[in-house]
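Novice: model this:
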Amino acid sequence: MARHRGWRLLLILPFIGLLYPPLYATDSPELFGFPFFYWYQFVWVPVAALVTWFVYRATRRGS
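Specialist: Numbering: from 1, shown residues only. Next up, the predicted model:
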């Protein structure tokens, strides 16, 4: 169980990426007309899903 702890630390990445909104609460740069604030958060949805899937696969390999 302790060997999986390193993989589980990756789950903190989405939390840190969205932790402090003033860092990304801007209008520019725009992407397809969407302000940075919105598309930055949208990008984190699939990234968080991929990180979660990756950690799941990495920690279940030995089971």
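
Novice: please report how far the most centrally placed residue in the chain lies from P46.
Specialist: In the chain, the C-alpha nearest the mean C-alpha coordinate belongs to P14, at 2.9 Å (CA atoms, centre = their mean). Separation of P14 from P46 (CB to CB, to the nearest Å): 10 Å. (Each C-beta comes from the backbone N, C-alpha and C, glycine too.)

Novice: now swap in V55 and tell me
Specialist: With CB to CB as the criterion, V55 and P46 are 15 Å apart.

Novice: the two - which one has more neighbours?
Specialist: V55 (18 against 9; other CB atoms under 10 Å).

Novice: what about the more buried one, which SS state?
Specialist: helix (DSSP: H, G, I helix; E, B strand; the rest coil).

Novice: just list the residues touching it, thanks.
Specialist: Counting by CB atoms under 8 Å, 6 or more residues apart in numbering, V55 makes contact with W7, R8, L10, L11.

Novice: pLDDT-wise, which helix or strand of the chain ranks last?
Specialist: helix 5-8 (a mean of 82; mean pLDDT, DSSP states H and E).

Novice: surely V47 and P14 touch.
Specialist: Yes - using CB atoms under 8 Å, V47 makes contact with P14 at a distance of 6.6 Å.

Novice: please identify the helix or strand for the residue nearest to the centre of the chain.
Specialist: Secondary-structure assignment from DSSP states H and E places P14 in helix 12-18.

Novice: any idea of the mean pLDDT for that helix?
Specialist: On average, the pLDDT along helix 12-18 is 93.

Novice: please name the nearest non-neighbouring residue to the residue nearest to the centre of the chain.
Specialist: Using CB to CB, 6 or more residues apart in numbering and skipping the chain neighbours, the partner closest in space to P14 is A48 (3.9 Å).

Novice: ok so, going back, elements contacting the helix holding P14?
Specialist: Judged by 3 or more CB pairs under 8 Å, 6 or more residues apart in numbering; DSSP states H and E, the packing partners of helix 12-18 are helix 36-60.
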